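Novice: Return a 3D structure for these sequence lines:
(2 chains)
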Amino acid sequence: MLKFFRRSKGWQLAGLISPGALWILLFFNLPLLIMLFISFVERGRAGGIKIPPVYTIENYRLFFNSCSSAFSGPECNPFLYLGIFSHSVRIGLMVTFFCILVGYPLAYFMAKQKQVWRDALMILVIIPFWTNFLVRTYALKSVLATEGLLNSFLMNLHIISQPMNLLFNEFAVVVGLIYGYLPFAVLPMYTSIEKFDYSLMEAAADLGASPRRAFLRVMLPMTLPGVVAALVLVFVPVVGAFITPDIMGGGKVEMIGTLINRQFGVARNWPFGSAMSLILMLLVLIGVVIYFRSSTEETRRGI
Amino acid sequence: MRIHRSLHLTFLLVAGCLLMTACLGAGSTPTPAPRITSGGFECPEPEFPIPVEATELNIYVWTEYVPLEMIECFELIYSIKVNRSEYSSNEEMYEVVTTGGSNYDLVQPSDYMIELMAREGLLQELDREKLPVFGNFDPNYLDLEFDPANKYTVPYQAGTTAIVVNTDAVDTIPRSWADLWNEEYAGRMVFLDDSRATIGMTLLTLGYDVNSTDPAQLQEAENKLSELIPNIKLFDSDSPKTALVAGVADLGVTWTAEALLAQQENPAIQYIYPSEGAILWQDNWAMLDNAAHADAAYAWLNYTMQGNVFWMMLRDFPYTNPNTAALEYAKANEPELYDLYTSSPITNTPASVIGSGHRISDVGEAAQLYDAIWARLLGK
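Specialist: As a prediction, the model looks like this:
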């Protein structure tokens, strides 16, 4: 009997795949289904869900029309949650834009170095990852504080006479997110640029293209898969971020992540939190689809 | 009281002798031999000994809220292993207890959470016969609206939410919640990241109930609160004292211990009870419905709340102490601690503040409205 299992290729394969598959099924797919279920039932009075469950689409309706709740006030703004959502998307796009703007030249610079230097620079980009994200965020907070490094430095140089308000506002959140996610943008762009054949640029120059035109028409399109990967890798986690807005924004900057987080805490509304999480996932899915549409199998493998 | 205690002691001695001769090796019954903790503290004998079968006790408590020596003494006296887990918000504790799989005997919910847990049938009614320790408490902290007649809870520690101000930095000292709307404070305040407390104090300035669920009143509060937002530099519930001590904020709203610790760093920091009334809160012991070690839990409550044990709260976690016996013990044996406690209006909440104070209670489904208001205020 054992011999049969050992011999059969199919069984071997199943044996190899099943632990991972089971893990994903049990701890990723099943919870997702539970979340889907919770998003379609009424909340319990004290949190959790009503038992026995009462099915409803109210949680989704509430998201698109925040006045559909029985407790909406007389001056209700129906676009409350949609507004916070679009605000998060705006912050996400802004952070992604700056990460790519700063990251692309850096990746280019790294890719142009000799192999030894490339590896060293790569490690320098990766090392901050080894420090806990929370610690890095708190460190940045002390740089931007009223009596922090940056303000004291600028004041000592007499560039400014009054400390600037850099912390506990949207600016701080955007800076914190760019700081946290820049490596996610640099690495995929670096792999793309590294594979780029620079003789193509020479060819473009020979054919009369200006350096700017050569970059825009040759290099950028050919390294675009790396840029799109960076876009997805930065945009997706940033839109759902909740620790950075909480710490850098001093609890004053509302994003979709902080909103969802509260539904499982003080607001005790699991169904609404689940519904919003699923809507966020849908948005992320659209992002990933765009990524797959814009890249071919080969270029994705390159990344 | 004295006579009572010596009677108890004689009873204890007699009982102890009887036990020694009658049933040696019964295990977890207290025996009168001196027990010393690793810190060199001699654990007092139980005033209200409880016969215990269990060898374990599982407690789920707030972070940094139960003195280690208290646990050690209980373990030495009763030969019971105490397993302690910690949480940092009522909601966190509620999630863990309701999602199942936990086997805790005792938890420490705050006022509003007790109403909720009792209604959900998560708590068991306490047997007063087994809790003679109830006599130790100041009646001001008993029979409160969140648990009438203390059916489910024994008080632990209490405190307030009020105004904190650095008197060196601020010209006009606020005296009421309404004073916080002063334009002089623009961008200078730190608030607790707590929607209920912040919206609640705004309701108070309008003359409404701190737990209002009336949409019109809450709308009014929201409009008023949106005018306060420019004054608030940050919301922080983890460590609001940091912003005050570092000078990032000059005034704000915080609770008892944070204010006391900030004051110890900078004596110019004062705690002010607003004229509309401070917000009062109280943490309490409660026994879970499915507690497996109820006997050990009763022994724990009686032992740790006796005066010559609970006094160590003044030393380790100086919040407002509702335990009269502990205060009396401290007065006689730890005069320095006692003076520190009574001389500070932060810890020793004046009776007038308790009288005019307000308590946050559960608002049920209106919690969603409070959250929507919060989201609107921040999302602007």
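
Novice: and B:E75, what element?
Specialist: Assignment of secondary structure by DSSP states H and E places B:E75 within helix B:68-78.

Novice: residues from the stretch 101-250 of chain B in reach of chain A?
Specialist: Residues of the stretch 101-250 of chain B lying close to chain A by C-beta under 8 Å from any C-beta of the partner chain are B:116, B:119-120, B:187, B:193-196, B:213, B:215-216, B:218-219, B:222-223, B:229, B:232-236, B:246-248. All C-beta atoms are positioned from the backbone trio N, CA, C, and that covers glycine.

Novice: Could you pull out the helices in the stretch 51-200 of chain A for me?
Specialist: Remark: helices of the stretch 51-200 of chain A, listed N- to C-terminal, are A:58-64, A:80-112, A:115-126, A:133-144, A:149-156, A:170-195, A:199-206; assignment by DSSP state H, counting those that start in this stretch.

Novice: So which of the ones you listed is the most surrounded?
Specialist: When the helices of the stretch 51-200 of chain A are scored by mean count of other C-beta atoms under 10 Å in any protein chain shown, the highest mean neighbour count falls to helix A:170-195 (a mean of 22).

Novice: Distance of B:D168 relative to chain A?
Specialist: Between B:D168 and chain A the distance is 16 Å, computed by C-beta to the nearest C-beta, to the nearest Å.

Novice: thinking again about what came up before, the helix holding B:E75 packs against which elements?
Specialist: Contact here means 3 or more C-beta pairs under 8 Å, 6 or more residues apart in numbering or on different chains; DSSP states H and E; on that basis helix B:68-78 packs against strand B:35-36, strand B:42-43, strand B:81-87, helix B:294-304, helix B:307-310, helix B:312-316.

Novice: Only the buried residues of the longest one, if you could.
Specialist: What it means is helix B:294-304. B:A294, B:D295, B:A296, B:A297, B:Y298, B:A299, B:W300, B:L301, B:N302, B:Y303, B:T304 (16 or more other C-beta atoms under 10 Å in any protein chain shown).

Novice: avg pLDDT for that helix?
Specialist: Mean per-residue pLDDT for helix B:294-304: 96.

Novice: tell me the angle of it relative to strand B:81-87?
Specialist: Helix B:294-304 and strand B:81-87 meet at an angle of 80 degrees, taking axes from the mean of the first three to the mean of the last three C-alpha atoms, to 10 degrees as the criterion.

Novice: got a list of contacts for the helix holding B:E75?
Specialist: B:28, B:30, B:35-39, B:41, B:43-46, B:52, B:57, B:80-82, B:84, B:296, B:299-300, B:303-304, B:309-310, B:312, B:316 (C-beta atoms under 8 Å, 6 or more residues apart in numbering or on different chains).

Novice: What is the burial count for residue 113?
Specialist: By default, I'm working from chain A. Each residue near A:Q113 was counted by other C-beta atoms under 10 Å in any protein chain shown, and the total is 13.

Novice: please go with chain B instead
Specialist: Other residues lying near B:M113 total 23 when counted by other C-beta under 10 Å.

Novice: Please name the residues that touch it.
Specialist: With C-beta under 8 Å, 6+ apart as the criterion, the residues that contact B:M113 are B:N90, B:M93, B:Y94, B:D362.

Novice: Beyond whichever strand or helix holds the third one, next helix or strand please.
Specialist: Secondary-structure element containing B:Y94, defined by DSSP H and E: helix B:90-98. Beyond helix B:90-98 on the C-terminal side, the first helix or strand identified by DSSP H and E is strand B:106-107.

Novice: Please name the nearest non-neighbouring residue to B:S226.
Specialist: Nearest-residue entry for B:S226: B:L377, 5.9 Å, with adjacent residues in sequence omitted and distances by C-beta to C-beta, 6 or more residues apart in numbering or on different chains.

Novice: Could you name the helices and strands sitting against the helix holding B:Y94?
Specialist: Contact analysis of helix B:90-98 by 3+ C-beta pairs under 8 Å, 6+ apart lists strand B:56-62, helix B:111-119 as its packing neighbours.

Novice: What's the mean pLDDT across it?
Specialist: Averaging pLDDT along helix B:90-98 gives 84.

Novice: so how far is it off the chain centroid?
Specialist: Once both centres are worked out by C-alpha atoms, centre = their mean, to the nearest Å, helix B:90-98 turns out to sit 17 Å from its chain's centre.

Novice: next one: stretch A:208-220
Specialist: Distance, centroid of stretch A:208-220 to centroid of chain: 30 Å (C-alpha atoms, centre = their mean).

Novice: Just the CA trace of that stretch, in PDB.
Specialist: Listed next in PDB are the C-alpha coordinates belonging to stretch A:208-220 (Å, rounded to 0.1, in the frame of the first residue of the first chain):
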ATOM      1  CA  GLY A 208      18.500  61.400 -33.900                       C
ATOM      2  CA  ALA A 209      16.500  61.200 -30.700                       C
ATOM      3  CA  SER A 210      17.300  63.700 -28.000                       C
ATOM      4  CA  PRO A 211      18.100  62.100 -24.600                       C
ATOM      5  CA  ARG A 212      14.700  63.200 -23.300                       C
ATOM      6  CA  ARG A 213      12.900  61.700 -26.300                       C
ATOM      7  CA  ALA A 214      14.900  58.500 -26.100                       C
ATOM      8  CA  PHE A 215      14.000  58.100 -22.500                       C
ATOM      9  CA  LEU A 216      10.300  58.700 -23.000                       C
ATOM     10  CA  ARG A 217      10.000  56.600 -26.200                       C
ATOM     11  CA  VAL A 218      12.400  53.800 -25.500                       C
ATOM     12  CA  MET A 219      13.500  53.400 -21.900                       C
ATOM     13  CA  LEU A 220      10.300  54.300 -20.100                       C
END
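
Novice: What are the buried residues along that stretch?
Specialist: Counting neighbours by 16+ other C-beta under 10 Å, one finds that the buried residues in stretch A:208-220 are A:A209, A:A214, A:F215, A:V218, A:M219.

Novice: which SS state does the residue nearest to the first one when sequence neighbours are not counted fall under?
Specialist: Distance criterion C-beta to C-beta, 6+ apart; nearest residue to A:A209, sequence neighbours excluded, is A:R217 at 6.7 Å. The three-state assignment at A:R217 reads helix, by DSSP: H, G, I helix; E, B strand; the rest coil.

Novice: So A:R217 versus chain B, what's the distance?
Specialist: With the distance defined as C-beta to the nearest C-beta, A:R217 ends up 42 Å from chain B.

Novice: Please apply the same query to A:F109.
Specialist: For A:F109, the distance to chain B equals 37 Å [C-beta to the nearest C-beta].

Novice: same thing with A:G10?
Specialist: As judged by C-beta to the nearest C-beta, A:G10 and chain B stand 38 Å apart.

Novice: Am I right that that residue sits in a helix?
Specialist: Yes: under three-state DSSP, A:G10 sits within a helix.

Novice: In contact with it: list those residues for me.
Specialist: By C-beta under 8 Å, 6+ apart, the contact set of A:G10 is empty.

Novice: Check the residue nearest the centre of chain A and give its pLDDT.
Specialist: Note on chain A: the residue nearest the mean C-alpha position is A:P237, at 1.9 Å, using C-alpha atoms, centre = their mean. pLDDT recorded at A:P237 is 91.

Novice: for B:Y271, phi and psi?
Specialist: Backbone torsions for B:Y271, taken as degrees, to the nearest 10, come to phi -110, psi 120.

Novice: Could you list everything it pairs with in the sheet?
Specialist: When bridges are taken as DSSP bridges, the partners of B:Y271 come out as B:V164.

Novice: Below-threshold pLDDT in the stretch 201-303 of chain A: ranges please.
Specialist: Per-residue confidence for the stretch 201-303 of chain A (pLDDT under 70) gives these ranges: A:294-303.

Novice: and it, which of its residues are near chain B?
Specialist: Checking the stretch 201-303 of chain A against chain B by C-beta under 8 Å from any C-beta, the hits are A:250-254, A:258-259, A:262-269, A:272.
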